[in-house]
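Novice: have a look at this prediction, sequence included:
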Amino acid sequence: MSENSLVSVRVDTSTAGTTAGSLLPKDSAVARVDGELRDLAYVVSEGQTVEQVPYGSPDGLAVLRHSAAHVLAQAVQELFPGTLLGIGPPIENGFYYDFLPERPFTPEDLAAIEKKMSDITRQRQTFSRRVVSEEEALKELAHERFKIELIGLKGPAGEESVEVGGGELTIYDNHAGSELMWKDLCRGPHLPTTRDIPAFKIMRSAAAYWRGDQNNEQLQRIYGTAWASRDDLKEHLRLLEEAEKRDHRRLGTELDLFSFPDEIGSGLAVFHPKGGVIKREMEDYVRQRHLEEGFQYVGTPHISKEGLFHTSGHLPYYADTMFPPMEMEGSDYYLKAMNCPMHNLIFRSRGRSYRELPLRLFEFGSVYRFEKSGVIHGLTRVRGLTQDDSHSYCTPEQAPDEVKHLLSFVLSLLKDFGLDDYYLELSTRDDSKPDKFVGTEEEWSVATAVLEKCALETGLQLVADPGGAAFYGPKISVQARDAIGRTWQMSTIQYDFNQPAGFGLEYQGADGERHQPVMIHSAKFGSIERFIGVLTEHYAGAFPAWLSPVQVVGIPVHSDYDGYLHDVAARLRVEGIRVEVDDSDDRMQKKIRNAQKQKVPFMLIAGGEDVEAGAVSFRFRDGSQDNGIPVADAVARIVEAVRSRA
RNA sequence: GCCGGCGUGGCGCAGUGGUAGCGCAGCUGUCUUGUAAACAGCAGGUCGUCGGUUCGAUCCCGACCGCCGGCUCCA
């Protein structure tokens, strides 16, 4: 990321032997010397190129966050002697450090730790780098068993972590004056002193498995955020607050859209009338679009005898994530976790001709997945969900066109729901775990090549996801970015050569022979529930008019005009508009406030002036107004806004 | 599933070893005139569930259920 405007110095005879920092402007966090990040204290030699790495640059931020992580660890060890260190890398927006304390941290502990960190930064302790041999490192860090483990893991050059680089081992010492305050195994680089960390804040503590493996010991992780300035920190905290206001779980309650009654069970949502409106509008629209795209609407039950899921191959693989079976009349019945097996039976219900292909079946299929208790999250991770699920049965030759067809269909649908910022992900099999995937290498590479080619043709960014495939075939997924930049897996398109074989699916070809079709699985929203959750956050609850539970609220300036607005409402209602008149005893101002809080797209206000003119006055969600609009025009305007899905 | 935190009227929150309050919402009444909160009164909770400690538990302890933050996982 070396930009032209940044200072770049070539070391000559006169500057050789000085430090990198002495050649750079004050706002440099570290230096880049011949492409490598170095401490500002790095002693340069002739012929080297020294570049500035400002605090606000990506590398500068990573360094200052890493330095903040060190300060955190130092604070923790000063307050809680005996606490062992894990790792402490910079991450997006901040940093964390993992610890093994004698007892987990309390909120009070975190406050004390933050205060101690401030003390350390005020002391202007220097970070100084020291190269050590492996023997020295093992000796100095003998009491830190996690660090010892990392030293043991030190691989050849190229395999690097924040603790141990590929080449040499280094320890960073923190000095206050000449006194050694603390040290940590670290490859660096760091800011010159603890005082140079411009702004930080401790955010939360949580548990994390050592080296990310749930078979390992669980450590206590402390998360912090750190920035190049106080203002940046404030802005970050403001964004977090903003995100919290958009949280679909909160908006779901405030807007009376849905809830999760404890009595039903974890991860099982009920949609209230207002959420039901959104759900129905989405479903109606998507059903219509599927019909237009050549899909046939079908219906299947929620449960099945277990044999079906053995045939599909799901049961031996995914019994863990299915609800346990119910025994009835000598058979075990399972709640379905996927719809494809049942669609396969529809395909197989009679002989099929090549003339019917691609045969496209579609339904809103409700499935149940026993997600682990800790992963359930609002509408985005539930145990009962409805997929807008389709299966296209086609010849292998037709498969590429069908995938392309589905991709463009999916993308146009997302666009209609205001999501137009996305990238694709290609999930492939993990060759090191052949037992998790069914089918031959040949089949996988054919299927993967088809998906990859189609994905690349969209011109969208394509990200690899090795090992992320379903057991029966590779997958393209659409990762959509919402209004505040978070990404969500929405649509999926999967190429499956396995289930057609398992179910013995076949069609009669033009040659009179029987052939096996391939099937392309696709969910456009993914799950209706998740999509509603994502849309809620994307729009911060202010849904476009066509999806709004209440599209128009009539607000009389005085109760004398209730009747007039009821007449206006009736004219809207015959156009299919969801309209209410607030004829309660509240003042007009209160009614506006209520409608505003419910994020109603159109408020129609009427007083004496409007009645005389046969008009109404618009107030929009953004607070702007358009007064004295003739009723016929107002109706037309609202109808148009809804019809155009604007 | 794991670690930690939390669970008080519909919602948001106080609070205490001697069976509970506030704001909003609700109901009733009096009001209502131009773009984000009129006023008054009333009603509403066996303090998540089940055990235990105690003369006595919403408060202390345990289990379970649920929620939250992470980790792991996500066909």
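Specialist: Cool, the structure landed. Residues are numbered from 1 along each chain as shown, chains lettered A, B, ... in the order given.
Novice: stretch A:61-77 close to RNA strand B?
Specialist: No - Stretch A:61-77 stays clear of RNA strand B (C-beta under 7 Å from any atom of the strand), getting no nearer than 14.9 Å. (Glycine included, C-beta is placed from N, CA and C.)
Novice: show me which residues of the stretch 51-200 of chain A are close to RNA strand B?
Specialist: So the stretch 51-200 of chain A meets RNA strand B at A:104, A:106-107 (C-beta under 7 Å from any atom of the strand).
Novice: restricted to helices, list these.
Specialist: Residues from these lying in helices, with DSSP state H as the criterion: A:Pro107.
Novice: who wins for most neighbours among the residues of the stretch 51-200 of chain A next to RNA strand B?
Specialist: A:Pro104 (12 neighbours; other C-beta atoms under 10 Å).
Novice: tell me the pLDDT at that one?
Specialist: The per-residue pLDDT reported for A:Pro104 equals 87.
Novice: who touches it in this structure?
Specialist: Going by C-beta atoms under 8 Å, 6 or more residues apart in numbering, A:Pro104 touches A:205, A:207, A:220.
Novice: change it to 7 Å
Specialist: Contact partners of A:Pro104, counting by C-beta atoms under 7 Å, 6 or more residues apart in numbering, are A:Gln220.
Novice: what does A:Gln625 show for phi and psi?
Specialist: Taking degrees, to the nearest 10, you get phi -130, psi 160 for the backbone angles of A:Gln625.
Novice: residues in contact with it?
Specialist: So A:Gln625 contacts A:617-619 (C-beta under 7 Å, 6+ apart).
Novice: just the residues you listed that are near RNA strand B?
Specialist: A:617, A:619.
Novice: in JSON lines, list the contacts of A:Gln625 along with neighbour count, secondary structure and distance to A:Lys597.
Specialist: Formatted as JSON lines, the contacts of A:Gln625 follow (neighbours: other C-beta atoms under 10 Å; DSSP: H, G, I helix; E, B strand; the rest coil; distance: C-beta to C-beta, whole Å):
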{"residue": "A:Ser617", "neighbour count": "20", "secondary structure": "strand", "distance to A:Lys597": "20"}
{"residue": "A:Phe618", "neighbour count": "18", "secondary structure": "strand", "distance to A:Lys597": "18"}
{"residue": "A:Arg619", "neighbour count": "20", "secondary structure": "strand", "distance to A:Lys597": "13"}
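Novice: quick one: which of the contacts of A:Gln625 is nearest A:Leu255?
Specialist: Proximity of the contacts of A:Gln625 to A:Leu255 (C-beta to C-beta) peaks at A:Arg619, which lies at 18.7 Å.
Novice: how many residues are close by the closest residue to the closest one other than its chain neighbours?
Specialist: Distances taken as C-beta to C-beta, 6 or more residues apart in numbering place A:Met603 nearest to A:Arg619, at 4.1 Å, with adjacent residues excluded. Applying other C-beta under 10 Å, we find 21 other residues in the vicinity of A:Met603.
Novice: partner strands of the helix or strand hosting A:Met603, parallel or antiparallel?
Specialist: Under the criterion of DSSP states H and E, A:Met603 resides in strand A:602-606. Strand A:602-606 has the following strand partners under DSSP bridges: strand A:552-556 (parallel), strand A:615-620 (antiparallel).
Novice: chain center to it: distance?
Specialist: For strand A:602-606, the distance from its own C-alpha centre to the chain's C-alpha centre is 37 Å (C-alpha atoms, centre = their mean, to the nearest Å).
Novice: tell me if the helix or strand just after that strand is near RNA strand B.
Specialist: Next in sequence after strand A:602-606, counting helices and strands by DSSP H and E, comes helix A:608-613. Yes - judged by C-beta under 7 Å from any atom of the strand, helix A:608-613 and RNA strand B are in contact via A:608-610.
Novice: do stretch A:321-333 and RNA strand B meet?
Specialist: Yes - residues of stretch A:321-333 contacting RNA strand B under C-beta under 7 Å from any atom of the strand: A:321-322.
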